[in-house]
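J.: Attaching a predicted model along with its sequence, questions to come.
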Amino acid sequence: MEFVTNSTPRYECLVFDLDDTLYPLSSGLSEACANNIIEFMVQKLGVEEDRVVELNQLLYRTYGTSMAGLKAIGYEFDNDEYHSYVHGRLPYENLKPDPVLRNLLLSLPFRKLVFSNGDDVHVMRALKRLGIEDCFERIISFETLKPKTNDAENSCVTGHLPENPVICKPAKIAFEKAFEIAQLNPHKALFFDDSIRNIQTGKVMGLRTVLVGKSEKVDGSDYALESIHNMKKALPELWSESNSNNNKKSERMSYLAQISIATSVEA
């Protein structure tokens, strides 16, 4: 009889935010992005300079991203033009290959996803600069979550979509769509993000959560990491679980091989 174990792995999937999570805030990309957004609002949308900073902060706090907020309050602009203006001029040269992070990611035999509010071009450019673009099963981005016309119409009828057509973290619907797209069980996933709001929504949605960039946990976070490089020190169970799973697999294969040999001899 084949040996069967009742123990099941705690995690099946690791979900990572990108900006200020897989690379540090000190890279300067977030500051440059904020400046580019403000410049876009003034130069392209005609927002008054004396109120643009306050408005941008308000939109970000209320809607999750500045872009989502601008769309929600009635500004019309091309999404690609916005992303090109805001992300296209970021100092990507500040991001360097990160062999430490790469080795950490490759040493974990779980499904790994990137879940970002950014567009595909930005996400891939940053991942390639870090040298980790091949460490993930897939990317869930702004484009991934963008509702198709029919979907948006049907969702609005049921009242499921917010008035803002841009779907992004920390909205619950963004997490729901990500789970559906990735065929992900949130109760078997660990979520890494630098945003407290995203972490708190993730926790409500059933994820175990890791707040990155902070030394202390907050309401909604199960763990806190000052740096993504501290994963192994703060979350040794990930490696213990993966080693345990590998050992069990080896034991199972050895047991089956013995049965095969015994059966062959008896035959």
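T.: Received it, and whenever you're ready, just let me know what you need.
J.: hmm, who's touching stretch 207-225?
T.: Contact with stretch 207-225 is made by 11, 15, 17, 20-21, 24-25, 175, 186, 189-194, 196, 199-200, 202-204, 226-228, 231, 234-235, as judged by CB atoms under 8 Å, 6 or more residues apart in numbering. Just so you know, the C-beta spots here come from the backbone N, C-alpha and C atoms, and that holds for glycine as well.
J.: how many neighbours does residue 231 have?
T.: 24 (other CB atoms under 10 Å).
J.: My error: substitute residue 234 in the last question.
T.: Residue 234: 14 surrounding residues under other CB under 10 Å.
J.: now the strands for this structure?
T.: For the chain, the strands defined by DSSP state E occupy 13-16, 111-115, 138-140, 189-193, 208-212, 223-225.
J.: can those strands go into a markdown table with extra columns for distance to residue 125?
T.: Below are these laid out as a markdown table (distance: least, CB to CB, whole Å):
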| stretch | distance to residue 125 |
| --- | --- |
| strand 13-16 | 16 |
| strand 111-115 | 13 |
| strand 138-140 | 12 |
| strand 189-193 | 20 |
| strand 208-212 | 20 |
| strand 223-225 | 24 |
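J.: Take those strands and write them to CSV, including distance to residue 130 and mean neighbour count.
T.: Supplementary listing: these in CSV, determined by distance: least, CB to CB, whole Å; neighbours: other CB atoms under 10 Å:
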stretch, distance to residue 130, mean neighbour count
strand 13-16, 11, 22
strand 111-115, 11, 22
strand 138-140, 13, 18
strand 189-193, 14, 26
strand 208-212, 14, 25
strand 223-225, 17, 19
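J.: Redo the ones you listed as CSV? Include distance to residue 97 and mean pLDDT.
T.: Formatted as CSV, the strands of the chain follow (distance: least, CB to CB, whole Å; pLDDT from 0 to 100):
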stretch, distance to residue 97, mean pLDDT
strand 13-16, 17, 98
strand 111-115, 17, 98
strand 138-140, 19, 98
strand 189-193, 20, 98
strand 208-212, 19, 98
strand 223-225, 21, 97
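J.: re earlier: helices - which of the contacts of stretch 207-225 land there?
T.: Judged by DSSP state H, helices contain the following of the contacts of stretch 207-225: 175, 196, 199, 200, 202, 203, 204, 231, 234.
J.: Lowest-confidence entry in the residues you listed?
T.: Looking at the ones in helices among the contacts of stretch 207-225 by pLDDT, the weakest one is residue 234, with 93.
J.: so what's it up against?
T.: 210, 223, 224, 225.
J.: tally of neighbours for the closest residue to residue 193 other than its chain neighbours?
T.: Leaving aside its chain neighbours, residue 193 sits nearest to residue 17 (4.0 Å; criterion: CB to CB, 6 or more residues apart in numbering). If you count neighbours by other CB under 10 Å, residue 17 ends up with 24.
J.: Please report how far residue 17 lies from residue 138.
T.: 15 Å (CB to CB, to the nearest Å).
J.: how near is the nearest residue to residue 37 once chain neighbours are set aside to residue 40?
T.: In this structure, residue 37 finds its nearest non-sequential neighbour in residue 66, 4.9 Å apart by CB to CB, 6+ apart. Residue 66 is 9 Å from residue 40, where distance means CB to CB.
J.: I'd like to know how far residue 18 sits from residue 215.
T.: 21 Å.
J.: And the two? Which one has more around it.
T.: Higher neighbour count among residue 18 and residue 215: residue 18, with 22 against 10, using other CB under 10 Å.
J.: how about the helices of this structure, start to end?
T.: Counting by DSSP H, the helices of the chain are 29-43, 49-63, 66-72, 79-87, 99-106, 120-130, 142-145, 149-158, 172-182, 196-204, 231-234, 236-266.
J.: For stretch 179-188, list every residue counted as buried.
T.: Of the residues in stretch 179-188, those buried under the neighbour-count criterion (16 or more other CB atoms under 10 Å) are 179, 182, 184, 186, 188.
J.: Export that stretch to CSV, keeping only CA atoms.
T.: Provided in CSV are the C-alpha atoms of stretch 179-188 (Å, rounded to 0.1, in the frame of the first residue of the first chain):
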residue,chain,number,x,y,z
PHE,A,179,-7.5,35.3,-7.6
GLU,A,180,-9.8,34.3,-10.5
ILE,A,181,-7.2,35.0,-13.2
ALA,A,182,-4.4,33.1,-11.4
GLN,A,183,-6.7,30.3,-10.2
LEU,A,184,-5.4,31.1,-6.7
ASN,A,185,-6.7,30.0,-3.4
PRO,A,186,-6.2,33.1,-1.1
HIS,A,187,-6.1,30.9,2.0
LYS,A,188,-3.1,29.1,0.6
